[in-house]
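J.: Sharing a model prediction with you, sequence too.
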Amino acid sequence: MCNGALYKKIEQRHLAFQIHSQSAGIFYPKNAHKPDTMRFSDIYAPKWQEFAVARIVLFVLSLCGLSLCALNSFAQQAVDVYRVEATVANQSEAERVAAAQANMGKVITLVLADTAGLQHPLVQQAIKSAPNYLSKFSYSSETAIVLNYSPQSIQTLLQQAQLIATNATTAQGVMLYVVEVNDFATFKQVQAYLKTVGVIRSLTLISVEKDVLQFNLLLDGDEQLLKTTLGVSNKLQLSAGDAQRPLSFRWQN
């Protein structure tokens, strides 16, 4: 082939490539080497790669969103496991006690993730005194009560029943005074009642002075939780103490 024909053929191929490159959106610098043939992958591979990367990014973001939703759901469940909203006929004490008894088993089942613990004698006895295991209660409507069970009290009960491991480091010792105890029968009532309070791990009678009983209590919680728990049951009413008797209660017979 003569040089003229060869140059003409090369020029035609370059022209065809230039037209094809511009239609595909591919541009080269002025002095850059331009291939005299164009492959399909040269035109479309970058766009397919961008599309694949975008799909991967969307997939990862979707997984993150699902993980956050699951985490929030789990956190909400963990916070609300001791909170129950129940229906009552009215706002009387009898209805509150019945609701507390009916729902305490549900809370214990959620804590243990098993219903077998409800058959334990200590648990069955505690459910009969369910109001003692409340940290607070309120009414969201005329016929709806919100029961907040004390985590410390429930856990102490389950530890005593050996249904969960005991953590001795959580106990706190306090002195409790009960005033206006005028006879032996009242003393026995006070002592029996304190043994049913879930936040009290153990109690020891220290002294009896006239009409005042002094107890040494080992708590799973703090003094404020004890005050709240005792206040819910209305058996012991907080009385004005002094520097020597800061935690004093009056027995309500």
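T.: Ah, there it is.
J.: Could you list the low-pLDDT ranges of the stretch 1-150 of the chain?
T.: Residues of the stretch 1-150 of the chain meeting the criterion pLDDT under 70: 1-55, 57-80.
J.: now do 80
T.: Residue ranges of the stretch 1-150 of the chain with pLDDT under 80: 1-80, 113.
J.: Can you classify the spatially closest residue to Ala130 that is not a sequence neighbour as helix, strand or coil?
T.: Spatial nearest neighbour of Ala130, chain neighbours left out: Ala100 (3.8 Å); criterion: Cβ to Cβ, 6 or more residues apart in numbering. Yep, even glycine has a C-beta here, placed from its N, CA and C like the rest. Here Ala100 is recorded as helix under DSSP: H, G, I helix; E, B strand; the rest coil.
J.: residue contacts, Ala100?
T.: Listed by Cβ atoms under 8 Å, 6 or more residues apart in numbering, the contact set of Ala100 reads 130-131, 133-134, 137, 147.
J.: Just to be sure, which of those residues are found in strands?
T.: Counting by DSSP state E, the part of the contacts of Ala100 found in strands is 134, 137, 147.
J.: I'd like those residues as a markdown table, with distance to Arg96 and neighbour count appended.
T.: As requested, the ones in strands among the contacts of Ala100 are exported to a markdown table (distance: Cβ to Cβ, whole Å; neighbours: other Cβ atoms under 10 Å):
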| residue | distance to Arg96 | neighbour count |
| --- | --- | --- |
| Leu134 | 9 | 22 |
| Phe137 | 7 | 17 |
| Leu147 | 8 | 25 |
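J.: I'd like to know which of those residues is nearest to Ala94.
T.: When these are compared for distance to Ala94 (Cβ to Cβ), Phe137 wins out at 13.8 Å.
J.: Quick check: bridge partners of that closest one?
T.: Leu147 (DSSP bridges).
J.: gap between it and Leu157?
T.: Phe137 sits 18 Å away from Leu157, going by Cβ to Cβ, to the nearest Å.
J.: for Glu223, same thing?
T.: With Cβ to Cβ as the criterion, Glu223 and Leu157 are 20 Å apart.
J.: what does Ser140 give?
T.: From Ser140 to Leu157 the distance is 26 Å (Cβ to Cβ).
J.: more crowded one of the two?
T.: Leu157 (28 against 9; other Cβ atoms under 10 Å).
J.: Can you show me the CA trace of the helix or strand the more buried one falls within as CSV?
T.: For Leu157, the host element (DSSP states H and E) is helix 151-160. Output in CSV follows, covering the C-alpha atoms of helix 151-160 (Å, rounded to 0.1, in the frame of the first residue of the first chain):
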residue,chain,number,x,y,z
PRO,A,151,-35.9,-3.0,89.9
GLN,A,152,-33.9,-3.3,93.2
SER,A,153,-36.9,-4.9,95.0
ILE,A,154,-37.6,-7.3,92.2
GLN,A,155,-34.0,-8.3,91.8
THR,A,156,-33.6,-8.8,95.6
LEU,A,157,-36.6,-11.1,95.6
LEU,A,158,-35.2,-13.1,92.7
GLN,A,159,-31.8,-13.3,94.5
GLN,A,160,-33.4,-14.5,97.7
